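A.B. asks: got a predicted structure here, sequence first:
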Protein chains: 2
Amino acid sequence: MGDEVQIFEDYLKKHALHLTGPRETVLRSIFGTHEHFTADELIAHLQRAGTPVSKATVYRTLSLLSECNLLIEHDFGQGKKYYEHASELQHHGHLYCSDCGRIAEFYDPRLNAMQEKLARQEGFEPVSFAVKIYGRCADCAAKQARRDSGAVS
Amino acid sequence: MGDEVQIFEDYLKKHALHLTGPRETVLRSIFGTHEHFTADELIAHLQRAGTPVSKATVYRTLSLLSECNLLIEHDFGQGKKYYEHASELQHHGHLYCSDCGRIAEFYDPRLNAMQEKLARQEGFEPVSFAVKIYGRCADCAAKQARRDSGAVS
DNA sequence: GTTGAGACTGAGACTGAGTCTCAATTTCAG
DNA sequence: CTGAAATTGAGACTCAGTCTCAGTCTCAAC
């Protein structure tokens, strides 16, 4: 934390944009804690924290932060985007539990190398990767097993 | 084609559902041609073909087809879902051109094996995988290069 | 073939994430 | 300071997708 403010400020300056109060509020809220979050959650959090920022401004700031690579957008097909700090381990994949929505992460450098190669083979110039595995987390699998044995259909 | 009708019919019967006219219209339209398509495109296509089916029914049918694994849903973060025939090569990944929206595919069996292993390591019971690479396709990369050399900022 | 329980349909209201508009306000280079 | 340009918030808007509900259709059992 702190680093991000600097990076964001540089990015803004380079593009003749201003580091304003609302933008800084959003930035600090994001890099103060949250790991994975949605725009909605962030807006609610700011509200609760007594530093409300309008929906439009939050979305605009999230776009800026994605553009300067401080945030990464993720979409699990729920009709809304999840954001994550880009400072974390680069290019890890996500495990998404279709039952409870829990998100876990994994990392394997070979996965990235393989993807880079495959993209080039198709003539693509890769910019970012997204590996998502949908399934059931250990907890939900156990719950399901219990349910199955309890009530045989 | 034909196979799908059978599979769908079996699935419906097993769940005490009916194979109705609208459902068959949708099914035939999907497996008659389209490879990647959105709900919107399908609705428009049915309209143009003179066999309109209401939005609600189309969405309901798409859900059914996904449930019985005849279709696979994809989300590239554009706020809408893309559908693809599940009969194609299983578990291939997608390359999405952020400039023109073109979608290409690639396949590598090692990718799947690796994902299966990684999921299990985290205690997840994987159901499906989605590997997406965002970047620029050959055409758009060339266009960009031309633009860059033409007008040095 | 009739029948009726329950599945299905279409039209359009609704939801919810995200975008746009615009008048009023803020920023910062000069 | 000053003013051009960027920014803001409120709320209207968009658009994919879901829901509702009255009327319709399906099909298994007569």
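C.D. replies: Received it, and whenever you're ready, just let me know what you need. These figures come from a predicted structure and were not determined experimentally.
A.B. asks: ok now stretch A:104-114, how far from the chain's centre?
C.D. replies: The chain centroid and the centroid of stretch A:104-114 are separated by 17 Å under CA atoms, centre = their mean, to the nearest Å.
A.B. asks: and it with chain B, contact?
C.D. replies: Yes: contact between stretch A:104-114 and chain B, assessed by CB under 8 Å from any CB of the partner chain, occurs at A:104, A:106, A:108, A:110, A:111, A:114. (C-beta placed from N, C-alpha, C; glycine too.)
A.B. asks: okay, domains of chain A per the record?
C.D. replies: What automatic domain parsing lists as the domains of chain A is A:1-87, A:89-153.
A.B. asks: so what touches the strand of greatest length in chain A?
C.D. replies: The longest strand of chain A (DSSP state E) is strand A:125-136. Strand A:125-136 is contacted from outside by A:72, A:74, A:76, A:91, A:93-99, A:111-112, A:115-116, A:119-120, A:144, B:95, B:98, B:115, B:118-119, B:124-138, B:141, using CB atoms under 8 Å, 6 or more residues apart in numbering or on different chains.
A.B. asks: try 6 Å
C.D. replies: Outside strand A:125-136, the residues that touch it by CB atoms under 6 Å, 6 or more residues apart in numbering or on different chains are A:91, A:93-99, A:115-116, A:119, B:115, B:119, B:124-136, B:141.
A.B. asks: follow-up on the earlier one: mind checking which of the residues of stretch A:104-114 next to chain B land in helices?
C.D. replies: Among these, the subset assigned to helices under DSSP state H consists of A:110, A:111, A:114.
A.B. asks: can you tell me which of these lies closest to residue B:14?
C.D. replies: residue A:111 (37.4 Å; CB to CB).
A.B. asks: hmm, back to that, and the contacts of strand A:125-136, which are buried?
C.D. replies: For these, burial is judged from neighbour counts taken by 16 or more other CB atoms under 10 Å in any protein chain shown, and it is met by A:91, A:93-97, A:115, A:119, B:115, B:119, B:124, B:126, B:129-136, B:141.
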